[in-house]
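> model the structure of this input:
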Amino acid sequence: MQDGLIFVNSKKSQIQMAESIAVVIIVIFLLVIGIVFWSNIRKSDVDVKKIEYQDLSVIEIAKIASELPELRCYNNNVITKVNCFDWYKVLALNKTIRDPAYKDALFSYYNYYFKNSRVSIKEVYPNETSIVIYDNNISKTTTLQITIPIIIEKNYGTVSKKSFGLLIVEGYYR
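Residues are numbered from 1 along each chain as shown. Okay, the predicted model is just below:
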């Protein structure tokens, strides 16, 4: 009788042990699924934040470019108009940046402000001309393009002609 009782108890113990192992395996499986799901959510949050940061950096570059003192319109050393660019200063900066004698120094100076972007000015009316001020195209991936309407002023001695244009800032990212 004693042997039969031990046999029944050992079968009951084996069943309880198997149930416990099954519960532990199910809990571990659910934990792994939860961790994978959570990591995917965090990864997508990080990707969204990265894109948001890149967009904000392009906006910052556009703000810096629109306030470049070396291109602004001045009247007796006073800024007279908002978003006004002197066309001849734009041409001079473009020529100076492309000059091999100054290229390295100017590129490193403007690279500090403009990083991996392209800054250009496009005259829209009455002429259709475009000038690239800065271009550090490390890749062909553009995240954001910001266009700011500007006034382009051309001074011919005492006569001043104004035209409409666009300041175009494109951010490049890998």
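> use CA for all of it now, contacts and neighbours both
Will do.
> report pLDDT for residue 29.
Model confidence at residue 29, expressed as pLDDT, equals 92.
> and it, how many neighbours?
12 (other C-alpha atoms under 10 Å).
> residue 107 in helix, strand or coil?
helix (DSSP: H, G, I helix; E, B strand; the rest coil).
> and the helices in this structure?
2-66, 87-98, 103-114 (DSSP state H).
> show me the one of those that comes nearest residue 155.
Closest to residue 155 of the helices of the chain is helix 87-98 (C-alpha to C-alpha; 8.1 Å).
> what residues sit buried inside that closest one?
Within helix 87-98, the residues that count as buried by 16 or more other C-alpha atoms under 10 Å are 87, 89, 90, 93, 94, 97, 98.
> packing partners for it?
helix 103-114, strand 129-135, strand 142-156 (3 or more C-alpha pairs under 8 Å, 6 or more residues apart in numbering; DSSP states H and E).
> try 10 Å
Applying 3 or more C-alpha pairs under 10 Å, 6 or more residues apart in numbering; DSSP states H and E, one finds that helix 87-98 contacts helix 103-114, strand 117-125, strand 129-135, strand 142-156.
> what residues sit buried inside the shortest one?
Okay, so that is strand 129-135. In strand 129-135, counting by 16+ other C-alpha under 10 Å, buried: 132, 133, 134, 135.
> surely the last one and residue 116 touch.
Yes - A contact is recorded between residue 135 and residue 116 when judged using C-alpha atoms under 10 Å, the distance being 7.7 Å.
> now the residue nearest in space to the middle of the chain: how far from residue 83?
Centroid-nearest residue in the chain, with C-alpha atoms, centre = their mean: residue 54, separated by 2.0 Å. Distance from residue 54 to residue 83, counting by C-alpha to C-alpha, to the nearest Å: 24 Å.
> same question for residue 63.
10 Å.
> same thing with residue 15?
81 Å.
> out of those two, which sits in the more crowded spot?
residue 83 (20 against 12).
> low-confidence regions, this structure specifically.
Scanning the chain for pLDDT under 70 picks out 1-9, 77-80, 139-140, 142, 174.
> just to revisit the earlier point, and the helices of the chain: which comes nearest residue 168?
helix 2-66 (7.9 Å).
> good, wrapping up.
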